[in-house]
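**Student:** dropping a prediction and its sequence here:
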Amino acid sequence: MSLLAVNDLDLRIARTGQTLLRDVTVSIERGSIVGLVGESGSGKSMFSLALMGLLPNGIEVCAGEAEVAGRSVFRGASHSYDAAARDRIALVSQNPRAALNPTMRVGKQMVRVLRERRRMGKVQARDESRELLRKVGISDPLRVERAYPHQLSGGMCQRVVIAMALSVRAPVLIADEPTTGLDVTIQAQILLLLKELMADGDRAVLMVTHDLAVVSSMCDQVIILYGGQVMEVGPTRDIFRDPVHPYTRFLLESLEDHVPSADDIGDQVTEASVDFSLAGCRFAKRCPFSTDVCHREVPLARRSETRTVNCHHRGVS
Ligand SMILES: Nc1ncnc2c1ncn2[C@@H]1O[C@H](COP(=O)(O)OP(=O)(O)OP(=O)(O)O)[C@@H](O)[C@H]1O
């Protein structure tokens, strides 16, 4: 059974009617890490925020449904977000300092979460907090508990945020660019930590990233997003070995000479920003294979046993 199942999610800007995400479907099995990959502006964060019930004002779900651990989170435009879902989804975002309260010591924040969300007594919450901080690789939890977030490094703050995510025992973890802004060694440590935390097989992780190197080292499956539309979905190894969609090929070709950084991908997008008003395939304007139909009609999914490709011209065998 999928721990996270999102079907045909459409998000739009209420004022203009512009569609930001179109027919996005994501399914993650227990024990699995799925990468949601896309350039800047492709809609990765909007997808995470919709799942957390934290969409900015003026952006709304107009179709689609989401379930976590078999329970509905939202269904279509008419049903509002079920706030109880926040106990089932935890977010580790790219700005750990902003996720923590700057005016409260780390230990107090941890204890508060455990008391409120897991109904623990004070002493039990303090013991559990220390245990969780050790679990995320903090060898001196007493020092960290006494610190305010600004007294800790970015990597240490991210470990604390991951400990908080674990404290609510949510079965689904959304890691939204969790290593952005950290230096390379710390990035590797945080990714390793996330992988280790998956070892018990009880959780599912959605790894939201623009970084294909992160995907190749972390994810079992990958979803390639462009302009709010899914281009291709499949097992990471297969997609890296044999990309089918022209956009996936383009992304992987840019990896051949070097591992792209956020800046590289950002530059590409500024050159050819997404046309959200396009009726057909969002990639059509940049695609060397596009024909009239690509500009007119949304491509139907072509599926094999393991792969889905949304392209008028490229099928999977
Ligand atoms: N508050 C808002 N109102 C209207 N449109 C918005 C708002 N926030 C973001 N958008 C638009 O939604 C689209 C998707 O943005 P989103 O932040 O989800 O992209 P992303 O893939 O997460 O990018 P990045 O990697 O840069 O964070 C973009 O075109 C963006 O301009």
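**Tutor:** Received the coordinates, thanks. Numbers count the residues shown, from 1 in each chain.

**Student:** what does the stretch 1-150 of the chain put close to the ligand?
**Tutor:** Counting by CB under 6 Å from any ligand atom, the residues of the stretch 1-150 of the chain lying close to the ligand are 13, 20, 38, 40-46, 56, 58-59. Where you see a C-beta, it was placed from the backbone N, CA and C, and this is true even at glycine.

**Student:** quick one: low-confidence parts of the stretch 201-317 of the chain?
**Tutor:** Flagging of the stretch 201-317 of the chain using pLDDT under 70 yields the residue ranges 256-275, 317.

**Student:** interface residues of it facing the ligand?
**Tutor:** Along the stretch 201-317 of the chain, the residues adjacent to the ligand under the rule CB under 6 Å from any ligand atom are residue 210.

**Student:** just the helices in the stretch 201-317 of the chain please.
**Tutor:** Counting by DSSP state H, counting those that start in this stretch, the stretch 201-317 of the chain has these helices, from start to end: 212-218, 236-241, 246-257, 262-271, 292-296.

**Student:** which neighbouring elements make contact with the third one?
**Tutor:** Contact partners of helix 246-257 among helices and strands, from 3 or more CB pairs under 8 Å, 6 or more residues apart in numbering; DSSP states H and E: helix 212-218, strand 221-226, strand 229-235, helix 262-271.

**Student:** for residue 20, grab phi and psi.
**Tutor:** Here is the backbone geometry of residue 20 (degrees, to the nearest 10): phi -90, psi -30.

**Student:** how much space between it and residue 146?
**Tutor:** The span separating residue 20 from residue 146 equals 43 Å under the rule CB to CB, to the nearest Å.

**Student:** off-centre distance for stretch 92-107?
**Tutor:** Distance of stretch 92-107 from the chain centroid (CA atoms, centre = their mean, to the nearest Å) equals 19 Å.

**Student:** mind checking the end-to-end distance for it?
**Tutor:** Start-to-end span of stretch 92-107 (CA to CA, to the nearest Å) is 18 Å.

**Student:** in that stretch, what counts as buried?
**Tutor:** 92-94, 96-97, 99-100, 105-107 (16 or more other CB atoms under 10 Å).

**Student:** just give me the closest of these to the ligand.
**Tutor:** Of all these, the one sitting nearest the ligand is residue 94; the distance, using CB to the nearest ligand atom, is 7.9 Å.

**Student:** so the closest one is in which element?
**Tutor:** Using DSSP states H and E, residue 94 sits within no helix or strand.

**Student:** ok, it - contacts?
**Tutor:** If a contact means CB atoms under 8 Å, 6 or more residues apart in numbering, then residue 94 has 176-178, 180-181 as its contacts.

**Student:** strands of the stretch 51-200 of the chain, start to end?
**Tutor:** In the stretch 51-200 of the chain, strands defined by DSSP state E, counting those that start in this stretch lie at 59-68, 71-75, 89-92, 172-176, listed in chain order.

**Student:** okay, the ones you listed in a markdown table with mean pLDDT next?
**Tutor:** Compiled in a markdown table, the strands of the stretch 51-200 of the chain are given as follows (pLDDT from 0 to 100):
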| stretch | mean pLDDT |
| --- | --- |
| strand 59-68 | 93 |
| strand 71-75 | 90 |
| strand 89-92 | 91 |
| strand 172-176 | 93 |
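
**Student:** list the contacts of the closest residue to residue 149 other than its chain neighbours.
**Tutor:** Take residue 149 and drop its neighbours on the chain: the residue closest to it by CB to CB, 6 or more residues apart in numbering is residue 100, 4.3 Å away. When the contact criterion is CB under 8 Å, 6+ apart, the partners of residue 100 are 106, 109, 149, 157, 160-161.

**Student:** name the residues of stretch 197-215 that come out as buried.
**Tutor:** 197-198, 203-212, 214-215.
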